[in-house]
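Asker: The sequence isn't on hand, but the structure is:
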């Protein structure tokens, strides 16, 4: 289980870091709509990180099922 928690944290960290870097490069200022878009974007990033972790889990389950 620690393996999957690590995968989740690493993918979340990398995605948030890239999101922040590109946000600084392409963002101009403090617009309310821009802040809302960034908030929803970060929520999507976390959910996709969870999906990536679940795909690794399913792949490992399929590998173990084929060994038997």
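Answerer: That came in fine, so what should we check first? Predicted model, so just to flag it, every value in this text is computed and none were measured.
Asker: going forward, measure contacts and count neighbours with C-alpha atoms only.
Answerer: OK.
Asker: Just the pLDDT at the residue most central in space within the chain, thanks.
Answerer: In the chain, the centroid-proximal residue (CA atoms, centre = their mean) is residue 49; its distance is 2.9 Å. We have a pLDDT of 86 for residue 49.
Asker: Give me the distance between it and residue 34.
Answerer: Separation of residue 49 from residue 34 (CA to CA, to the nearest Å): 22 Å.
Asker: can you give me the helices in the chain?
Answerer: Per DSSP state H, the chain has helices spanning 2-26, 32-67. These are given in chain order.
Asker: Out of the ones you listed, which gets the lowest mean score?
Answerer: Minimum mean pLDDT among the helices of the chain: helix 2-26, a mean of 82.
Asker: Report the inter-axis angle for that helix versus helix 32-67.
Answerer: Comparing the axes of helix 2-26 and helix 32-67 via axes from the mean of the first three to the mean of the last three CA atoms, to 10 degrees yields an angle of 150 degrees.
Asker: what about residue 12, how many neighbours?
Answerer: 20 (other CA atoms under 10 Å).
Asker: From residue 39, how far off is it?
Answerer: 14 Å.
Asker: Please give me every residue in contact with the residue nearest to the centre of the chain.
Answerer: 8, 11-12 (CA atoms under 8 Å, 6 or more residues apart in numbering).
Asker: TSV for the residues you listed, including distance to residue 24?
Answerer: TSV is the format used below for the contacts of residue 49 (distance: CA to CA, whole Å):
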residue	distance to residue 24
8	24
11	20
12	18
